[in-house]
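# From the sequence below, what's the structure:
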Amino acid sequence: MGTPEPISPRSARVTAARKLLRRSGRAKERRFLAEGPQAVREAVAYGTGAAGGGEPVLAELFVTAEAAARHAELVESARGAGVRVHAAAEEVVAGLSQTVTPQGLVGVCRFLDVPLAGVVAARPRLVAVLAHVRDPGNAGTVLRCADAAGADAVVLTDASVDPYNPKAVRASAGSLFHLPVVTGVPAAHVAGELRAAGVRLLAADGAGERDLDDELDDGGLAAPTGWVFGNEAWGLPAETRALADAVVRVPIHGRAESLNLATAAAVCLYASARAHRPIGGCRPVSSAR
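Model prediction:
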């Protein structure tokens with residue numbers, strides 16, 4: 001087993017990596033930070049692909065001595081994939097982390113987002129559209145829900161948060177590396193392109209005129225569907241709701257006032273996933289993570 005290259009806290013590489021904690025730095029370099037063994041493992045497994053420009057998506061890995069020993073196989077997998085691995089002091093890794101208890105591994109990854117045209121050309125059956133979603137934790141959680149529900153893509157409009165925000169990356173729990181992600185497209189353009197591809201657009205809103213149960217009972221969710229989710233506090237603006245074919249509410253059968261964004265998104269996406277699959281067609285899961 002090879003030994004990671006020691007790196008100074010004042011190294012230009014460390015300085016460059018720290019700049020990726022800011023959105024402007026990420027946008028300029030088209031790189032982001034992925035913290036922890038799960039995210040690093042998914043980045044290694046992603047390999048290259050078109051989004052990587054023929055190079056590994058995981059460009060560099062900073063790892064403490066303790067983490068290198070604990071995750072020796074993962075570190076070797078990264079090195080075997082052509083990733084430059086740096087032995088970093090704990091304070092270096094902590095400086096690249098935004099968690100209370102850093103896990104000792106932080107990867108520098110190349111952006112993964114793809115053009116909307118590629119998603120549309122693949123004739124998707126289920127797409128999650130995040131319009132005006134501002135909280136990175138919510139964005140990452142919805143991305144994770146979309147992945148679990150078998151969605152074909154996630155689209156973040158130009159009014160939504162950066163999916164490469166460290167909090168969003170952590171909340172996605174590796175799902176950022178699993179399905180196509182489109183960023184920075186105006187909502188009206190997204191709606192037009194998806195509708196042209198035969199995708200029915202449903203805006204999720206607590207004041208919707210249609211009930212999710214009615215959509216299921218009427219068979220409406222069997223068609224290719226794009227779910228549009230809005231801001232955590234004030235939902236979807238009128239102009240965005242107007243882009244949808246229908247505005248759908250999740251029924252509240254108990255006494256709760258409402259559902260939070262991520263929970264409502266999970267309910268809607270799984271309703272569509274169930275409508276798209278025959279009985280017995282779901283993949284069993286051995287354990288929850």
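# Buried residues, whatever helix or strand Val120 lives in. List them.
Using DSSP states H and E, Val120 sits within helix 116-121. Residues of helix 116-121 classed as buried: Leu116, Val119, Val120 (neighbour count, 16 or more other Cβ atoms under 10 Å). Bear in mind the C-beta positions are built from the backbone N, C-alpha and C, glycine included.
# The strand or helix carrying Val169 packs against which elements?
Assigned by DSSP H and E, Val169 belongs to helix 166-171. Contact partners of helix 166-171 among helices and strands, from 3 or more Cβ pairs under 8 Å, 6 or more residues apart in numbering; DSSP states H and E: strand 31-35, helix 136-148.
# Residues in contact with the last one: which ones?
The contact list for helix 136-148, computed with Cβ atoms under 8 Å, 6 or more residues apart in numbering, reads 126, 128, 130, 133, 154, 156, 160-163, 165-173, 175-176, 178-179, 181, 229, 232, 260-262, 265-266, 269-270.
# What strands line up against the following helix or strand past that helix, and which way round?
Once the chain leaves helix 136-148, the next helix or strand it forms, by DSSP H and E, is strand 153-157. Strand 153-157 sits in its sheet next to strand 126-130 (parallel), strand 181-185 (parallel), going by DSSP bridges.
# so where does Val247 fall, helix or strand?
strand 246-249.
# which residues does the residue nearest to Ala43 when sequence neighbours are not counted contact?
Closest residue to Ala43 apart from its sequence neighbours, by Cβ to Cβ, 6 or more residues apart in numbering: Leu58 at 3.9 Å. Contacts of Leu58 were listed using Cβ under 8 Å, 6+ apart, and they are Ala34, Val40, Ala43, Val44, Tyr46, Ala78, Ala81, Val83, Gly107, Val108, Cys109.
# same thing but at 7 Å, please
Val40, Ala43, Val44, Ala78, Val83, Gly107, Cys109 (Cβ atoms under 7 Å, 6 or more residues apart in numbering).
# ok, now Val120?
Applying Cβ under 7 Å, 6+ apart, the residues near Val120 are Glu193, Leu194, Ala197.
# can you check Ala222 too?
Contacts of Ala222 by Cβ under 7 Å, 6+ apart are Ala275, His276.
# Just the local confidence number for it, please.
Ala222 carries a pLDDT value of 93.
# Same check on Arg195?
For Arg195, pLDDT reads 95.
# My read is that it contacts Leu201, right?
Yes. Taking contacts as Cβ atoms under 7 Å, Arg195 lies within contact range of Leu201: 6.3 Å.
# if you count what's nearby, which of those two comes out ahead?
Leu201 (20 against 15; other Cβ atoms under 10 Å).
# three-state assignment of that one?
strand (DSSP: H, G, I helix; E, B strand; the rest coil).
# ok, residues contacting stretch 81-101?
Contacts of stretch 81-101 (Cβ under 7 Å, 6+ apart): 4-7, 9, 13-14, 17-18, 33, 35, 44, 56, 58-65, 68, 75, 78-79, 102, 104, 106, 166-167.
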